[in-house]
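[1] coords please:
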Amino acid sequence: MNTAANSVEAELVALSRALDQALERMRRLAEENASLRRGRDQLVGERAALMTRNEQARARVEAMIERLKSLENAG
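    Below you'll find the model as predicted:
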């Protein structure tokens, strides 16, 4: 009977160890996920800022082209 009790105890220890490993992996993945989300949010913000700057630059270039056309037509 002692052997059966030892076997059950060994299985419980192994299950406990496996559970601890799974919980640790889950914790690490949750941290990684949170980090990736923060990075994504930062990139989304940077993209929006770049799109705004791009649109401003496009408007300035179009304004310059219009001025050049009007100078050309005046001359």
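
[2] where does pLDDT dip in the chain?
    Counting by pLDDT under 70, the ranges of the chain that qualify are 1.

[3] how about the helices in it?
    2-74 (DSSP state H).

[4] neighbouring contacts of stretch 24-31?
    Residues from elsewhere that reach stretch 24-31, judged by CB atoms under 8 Å, 6 or more residues apart in numbering: none at all. Just so you know, the C-beta spots here come from the backbone N, C-alpha and C atoms, and that holds for glycine as well.

[5] now do it: distance to the chain's middle.
    Distance of stretch 24-31 from the chain centroid (CA atoms, centre = their mean, to the nearest Å) equals 16 Å.

[6] begin at 792 from now on, thanks
    Renumbered: residue one is now 792, and that last one reads stretch 815-822.

[7] who's in contact with Thr794?
    When contacts are counted by CB under 8 Å, 6+ apart, Thr794 touches no other residue.

[8] what's the spacing between it and Glu800?
    Relative to Glu800, Thr794 is positioned 11 Å away (CB to CB, to the nearest Å).

[9] what does Leu862 give?
    92 Å.

[10] what do you get for Arg818?
    Applying CB to CB to Arg818 and Glu800 gives a distance of 27 Å.

[11] go on, Asn824?
    In this structure, Asn824 and Glu800 are 36 Å apart, going by CB to CB.

[12] now do Val852
    Summarising the geometry, the distance separating Val852 from Glu800, computed by CB to CB, is 77 Å.

[13] then Gln847?
    71 Å.

[14] do the same with Ala840
    Between Ala840 and Glu800 the computed distance is 60 Å (CB to CB).

[15] please apply the same query to Arg844.
    With CB to CB as the criterion, Arg844 and Glu800 are 66 Å apart.

[16] and Gln833, by the same measure?
    Shown here: Gln833 relative to Glu800, a distance of 50 Å by CB to CB.
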